[in-house]
Every structure is written in C-alpha cells, then in structure tokens.
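S.K.: coords please:
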Amino acid sequence: MINPAKDYSFDELIISTLARQLEDETRVFTGVASPVQMLATLLAQATHAPNLLYFTILGTINPKPHVTPFSTGDPHLFDNCENAITFPEIFDLANNGRMDVAFLGGVQIDQFGNLNMSIIGDDPEHPKVRLPGGAGGPLMIRSFRRIISWRPNHSQRSLVKQVPFITSPGWIPAAKGPRHGGPDVIVTDLCVFQFNRSTNRINLKSIHPGTELRQIKEQTGFPFAIPAKVVTTEPPSKKEIEVLATKVDPYDKRKSLLKATS
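M.R.: Prediction:
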C-alpha cells in the first residue's frame, strides 16, 4: 500500500476495507438501510475506482450529493446524478448478467453464505422473532456476480453454522437453477472472510488490527479455513482518510452510522 495511515479510527478502517472490495469498471448496487456501504462505494469511486457505476436503491446512477446522505433513501442522492432508472430495471440488468456487485446483508449468515432475514427460532410457525424478510435479496444473491456482506456484530448469534430459515440461498446444492454468482466476501467488525469459489466454503482472508485469531474462532458459529500465514487487514491509506474527511463525509456522519449498527 502507498502511504498507509498510522493513526486512523475504526470507521475509517471498515469503510476503506469495504471500498477496497470494489473494482474499477464494475456496476455496484446498494440497497435499503446500507449507509455504511454507500459511503464505501462513494469512497471507491473517489479513489481507486473512478469508472465504477454506482446504482442506488432510489434508482439514481453515480450520484454526487452536496450533503453526505445519512440514509440510502436520502433525496440528496439525486444530486448531480448521471441518470436514473426504475427499481425493476435494476433487476432486469441483474437477470441478464449485467450487474457485478450487490451489498446484501442478513441478521444471520451461515458457513455457506445463506442469509436469514425472516425469523429467529427453530419453529417457522412460531418464531421467537419475526424479521422483515428478504425483499429482493433472494433474486440478487443469484443474479449478481458478487455479493458482499457487512456484519457489524461478529458473534455466534449472527454467524451461525446453519441458518434456521434460508431467506436468500448461498452456495448450497438446493439452490438449483442458473445463477450468475453469489456470496463472495463478508466483512465484520473483527475480520474479513472470503468464499473459495472452487469449494464454496468460507476462508479467513484477514484479521483487523487488534483482533486475535482465538477471538474470531470463539465468536464464529462455524468452522472456517485458516491460511498458513494469517495477514492483518490493511489500514486505510492517507489518501482514503483525506477523501473521506474532505469529500465523501466531511461531517463525520460515518461515526454515528457505525455506532448505530454496532
């Protein structure tokens, strides 16, 4: 890395880590309640991925908001946008294999990348908690080339061996039929996981600074592959911190956003 920062905050680490999962000249979508992912996408555009096409849940393409949005439904995402399409058109693009990355989360994620946004509890007829459901998630997880998930609370309650209800199917044989892609990366407050596309199993990619491997093992509800050499998640660069502070989020809204999801 060029000019890594020596002094940085947790929010700068997480947003820069999410931003680096995005490649230049790709089409990226953020959905409902994804403000951290939104800031990461804007950061990627402003740094290493200037030709990234960003599609918001509102249908705007490449917005350049005058005010840092606090919500993915903020009207400022219409500011200076290059174009706008309807939500169904985003699904049409995805079904035709023309969308690359979607940020898609779940209250629970298991070792195969299955996402649960439906119920908590073993009995679907009498759940302990009823969740909002998957909306477009079941289609997105199959039609986007890569699915990236942000999980702010790394625990055995959220990262489980097997979800009690599959809202959006990951890499499982039961998810029959054609698919353009699926789960690829999970970023948590402790580490980064990545799926091995040849085995469809989850691997540890990096550990955030200050976190121990023992802690990740104890707080993960499933086994995962560990590389021979465990690397530390790269810190944000000085440029990324500067762009975040001066262009993407000059009012430090990211700090309250990260606090709200932790």
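S.K.: alpha carbons only for contacts and neighbour counts from here, please
M.R.: Noted.
S.K.: quick one, what contacts residue 85?
M.R.: 59, 60, 61 (C-alpha atoms under 8 Å, 6 or more residues apart in numbering).
S.K.: quick one: the closest residue to the second one other than its chain neighbours from residue 37, how far?
M.R.: So the one you mean is residue 60. In space, and not counting its chain neighbours, residue 60 is closest to residue 84: 4.2 Å by C-alpha to C-alpha, 6 or more residues apart in numbering. Per C-alpha to C-alpha, to the nearest Å, residue 84 is found 20 Å from residue 37.
S.K.: between those two, which one's more packed in?
M.R.: Comparing residue 84 with residue 37 by other C-alpha atoms under 10 Å, the one with more neighbours is residue 37, at 24 against 15.
S.K.: and the pLDDT at that one?
M.R.: Confidence at residue 37, expressed as pLDDT, is 95.
S.K.: worst-scoring helix or strand of the protein, pLDDT-wise?
M.R.: Of all helical and strand segments in the chain, the minimum by mean pLDDT, DSSP states H and E falls on helix 253-261, at a mean of 73.
S.K.: is it true that residue 8 touches residue 236?
M.R.: Yes. Contact criterion C-alpha atoms under 8 Å: residue 8 and residue 236 qualify, at 7.3 Å.
S.K.: overlap in contacts of those two?
M.R.: In contact with both residue 8 and residue 236: no residue, using C-alpha under 8 Å, 6+ apart.
S.K.: where does pLDDT dip in the stretch 51-200 of the chain?
M.R.: Counting by pLDDT under 70, the stretch 51-200 of the chain shows no low-confidence range.
S.K.: can you give me the strands in it?
M.R.: 53-55, 60-61, 83-84, 101-103, 108-110, 115-116, 119-120, 129-130, 146-151, 159-160, 182-188, 191-196 (DSSP state E, counting those that start in this stretch).
S.K.: quick one: distance of the fifth one to the chain centre.
M.R.: Remark: strand 108-110 is offset 13 Å from the chain centroid, using C-alpha atoms, centre = their mean, to the nearest Å.
S.K.: show residues contacting that strand.
M.R.: 115, 116, 117, 157, 158, 159, 160, 161, 162, 163, 222.
S.K.: each with direction, which strands does that strand pair with?
M.R.: Paired strands of strand 108-110, with direction, are strand 115-116 (antiparallel), strand 159-160 (parallel) (DSSP bridges).
S.K.: residue 13: which of those strands is closest?
M.R.: strand 159-160 (21.0 Å; C-alpha to C-alpha).
S.K.: now do the same contact list for the residue nearest the centre of the chain.
M.R.: Residue closest to the average C-alpha location in the chain (C-alpha atoms, centre = their mean): residue 149, at 3.2 Å. Listed by C-alpha under 8 Å, 6+ apart, the contact set of residue 149 reads 103, 104, 105, 106, 183, 185, 186, 187.
S.K.: would you convert these into JSON lines that also reports distance to residue 200 and neighbour count?
M.R.: Shown next, in JSON lines, are the contacts of residue 149 (distance: C-alpha to C-alpha, whole Å; neighbours: other C-alpha atoms under 10 Å):
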{"residue": "103", "distance to residue 200": "19", "neighbour count": "26"}
{"residue": "104", "distance to residue 200": "18", "neighbour count": "27"}
{"residue": "105", "distance to residue 200": "18", "neighbour count": "22"}
{"residue": "106", "distance to residue 200": "18", "neighbour count": "22"}
{"residue": "183", "distance to residue 200": "9", "neighbour count": "30"}
{"residue": "185", "distance to residue 200": "12", "neighbour count": "24"}
{"residue": "186", "distance to residue 200": "13", "neighbour count": "25"}
{"residue": "187", "distance to residue 200": "17", "neighbour count": "22"}
